[in-house]
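Trainee: structure of the sequence below:
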Amino acid sequence: MGNGTTVQEFILEGFPALQHLGKFFFTLILLAYSVAFTGNTIIITLTWADYHLQIPMHFFLSNFSFLENCFITTVIPKLLLIFLWGMQKISFLGCLIQAFFFLFWGSTGFLLLAVMSLDRYIAICNPLHYPSIMTRKVCFLLVIFCYVSSFFVVVGVILKVSMLSFCGSNVIKHFLCDVTPLTHLSCSDTKFFESLVFALAILVLVSSLTITIIAYTNIIIKIVNLPSVKERQKAFSTCSSHLIVLCLLYGSSVFIYLKPNQAKTFDTNREAALVNTVVTPLLNPFIYTLRNKQVKQALRNILYRIKLARWIH
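Mentor: Below is the predicted model of the structure:
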């Protein structure tokens, strides 16, 4: 920590204009959090309980659901406390920890989405070689790569933030600790650091988005050239849910992070971050389950077994 640091805690501003409706938004966000967490947990449970789902696509999906649960748990509990009791204070260390996990789970999720795009590309464009390419070992290594790469990128950013000096205002114009609003409170010269964060955001977001675009461009070309309408519908149905999730996540994240000068955009960033941390995680389980026949069938099987067990007892 820099020698000039006098700030021991920060105050998360949250949404001042909505604070008088705190109990209403507390109930709304708690409901969204509960549904999202439960939905993701169901996907994880189904994937590991039903052998029909123990294939690479659903292995990656269960990992993504795990990341989503970790991501929303990093942010939403504190937001709930802000709305219900106005508990806006957070310690310097607590803020750094939240910032680390917020960026870590988020960037790992984007890398995993790129891996899922590659998986769909190989499955649709090279179906004969798919079993030999996407082996269990390869799948595990790809997931580990996502975690390790994200860790080294994020830990460098957070260590750099911890060395900045904070000696002025301690009010963060956000509902969570993110590096951008934090750096604007620093007394240090942050021009180089802001450029570094922008470059790392490009590295994670743009690289994963580029891989995704290339993969889906080839997928679309392959689908269009399939001989029958039934084959085209079947091929598209396997990746349509993934495409919807990609659009939701990349849309808000690119809006937040890929802007070199963000000093005047905190209000819009807050709204986009709220979409990323509440709305999108709420929709993801429904998108993946309602648009995936295998997951729906596995869910029916589990419910039938539970019903049968109760009837027997």
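
Trainee: alpha carbons only for contacts and neighbour counts from here, please
Mentor: Noted.

Trainee: mind pulling up the pLDDT for I211?
Mentor: Turning to I211, the model gives it a pLDDT of 90.

Trainee: from memory it sits against L112, does it?
Mentor: No: with contact defined as C-alpha atoms under 8 Å, I211 does not reach L112; the gap is 11.1 Å.

Trainee: and the closest residue in space to S65 that isn't next to it in sequence, what element?
Mentor: Counting by C-alpha to C-alpha, 6 or more residues apart in numbering, S65 lies nearest to N40, which is 4.9 Å off, once chain neighbours are set aside. Using DSSP states H and E, N40 falls within helix 22-49.

Trainee: next, the buried residues of the helix or strand following that helix.
Mentor: Heading C-terminal from helix 22-49, the first helix or strand you meet, by DSSP H and E, is helix 56-85. Using 16 or more other C-alpha atoms under 10 Å as the test for burial, helix 56-85 gives 56-76, 78-80, 82-84.

Trainee: just stretch 10-25 next, same as before
Mentor: Within stretch 10-25, the residues that count as buried by 16+ other C-alpha under 10 Å are F10, I11, L12, E13, G14, F15, Q19, G22, F25.

Trainee: tell me how far V278 lies from S107.
Mentor: For V278, the distance to S107 equals 17 Å [C-alpha to C-alpha, to the nearest Å].

Trainee: restricted to strands, list the buried residues of stretch 10-25.
Mentor: The members of the buried residues of stretch 10-25 that map onto strands under DSSP state E are F10, I11, L12.

Trainee: now flag whichever of these is closest to F92.
Mentor: F92 has its nearest neighbour among those in F10, at 6.5 Å by C-alpha to C-alpha.

Trainee: residue contacts, the residue lying closest to that closest one once chain neighbours are set aside?
Mentor: Closest residue to F10 apart from its sequence neighbours, by C-alpha to C-alpha, 6+ apart: N170 at 4.9 Å. Under the criterion of C-alpha atoms under 8 Å, 6 or more residues apart in numbering, the neighbours of N170 are V7, E9, F10, I11, L185.

Trainee: ok, what's across the strand from the nearest residue to F92 once chain neighbours are set aside?
Mentor: Among residues not flanking F92 along the chain, E9 sits closest, at 4.8 Å (C-alpha to C-alpha, 6+ apart). Legend: beta-bridge partners of E9 under DSSP bridges are S91.

Trainee: next one: E9 from C70, what distance?
Mentor: 24 Å.

Trainee: just S162 next, same as before
Mentor: For S162, the distance to C70 - C-alpha to C-alpha - is 23 Å.

Trainee: also C239?
Mentor: C239 is 24 Å from C70, by C-alpha to C-alpha.

Trainee: quick one: the residue nearest the centre of the chain and S34, what's the gap?
Mentor: Central residue of the chain (C-alpha atoms, centre = their mean): G106, 4.3 Å from the mean position. Per C-alpha to C-alpha, G106 is found 19 Å from S34.

Trainee: please apply the same query to K296.
Mentor: Per C-alpha to C-alpha, K296 is found 20 Å from S34.
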